[in-house]
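A.B. asks: Give me coordinates for this.
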Amino acid sequence: MKTLMSFMVLCMLLLWPQFTIGQSTKAKILTENTANVKVSNSIHKFVVFDINHMPFDFAKLKGKKIIVVNTASKCGYTPQYEQLQKLYEKYQQKGLVIVGFPANNFRNQEPGTNEEIAEFCKLNYGVTFPMMEKISVKGDDIHPIYQFLTQMEKNGVLDSEVAWNFQKYLINEKGILVKMIKHSTSPLDDEIIKWIEQ
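C.D. replies: As a prediction, this is how the structure comes out:
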């Protein structure tokens, strides 16, 4: 009996390093695969043009929380510009960036040129958060960044459709889509504030 027990203990001691190495390797592979998926599903891979037609590289926003919002100047929700600006002023130093994309997809409510939109935002709402050039956020001519935001196969999180102006997408510090917030929800809503502060 003693001999059998000694033999079993010896076998365990010999096999244990192989088992732990195997587990460690599996864990490493899993971590690497997860990291690869996250990188491929990150908004940080995009470079777009801002409202002054200068390149805007989302990779520069690594480590920051981002709210992406499609905007319009002649919409019932246009006053959300003011709320977005307040949110930006309050949390900019804590790592929040709001990125606005003007779009004319809904009832011709953003008919202006990039120059006209920039002037409107500055004069009426004092907007200082980054505004991008006018794009399409749905349909056959949907911009690649909105393909990413609305298609699970590209963002790895959810499928959605932009229903109206001022729909919001919350992006975490790694560039991963967290949630879509409907257009009618105020930028100062508790759900958004809690997400920023967490």
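A.B. asks: Could you pull up the residues touching the most centrally placed residue in the chain?
C.D. replies: Centroid-nearest residue in the chain: I171, 2.6 Å away (criterion: CA atoms, centre = their mean). Neighbouring residues of I171 by CB atoms under 8 Å, 6 or more residues apart in numbering: I43, K65, I66, I67, V68, L177, V178. Glycine gets a C-beta too; all of them are placed from N, C-alpha and C.
A.B. asks: same deal with L84?
C.D. replies: Going by CB under 8 Å, 6+ apart, L84 touches I67, V69, I98, G100, V127, F129, P187.
A.B. asks: Looking at those residues, spot the one nearest Y146.
C.D. replies: V69 (11.4 Å; CB to CB).
A.B. asks: Surely T185 is in contact with W195?
C.D. replies: No. Using CB atoms under 8 Å as the test, T185 is too far from W195 to be in contact (11.9 Å).
A.B. asks: all helices for this protein, in order.
C.D. replies: Ranges of helices within the chain are 2-40, 80-91, 114-125, 144-150, 152-155, 190-197, based on DSSP state H.
A.B. asks: returning to what we had before: can you pick out the most distant pair from the contacts of L84?
C.D. replies: Checking those with CB to CB, the most distant pair is I67 and V127, at 13.5 Å.
A.B. asks: circling back: narrow the contacts of L84 to those in strands?
C.D. replies: With DSSP state E as the criterion, strands contain I67, V69, I98, G100 from among the contacts of L84.
A.B. asks: Counting neighbours, what do you get for the last one?
C.D. replies: It stands for G100. 23 (other CB atoms under 10 Å).
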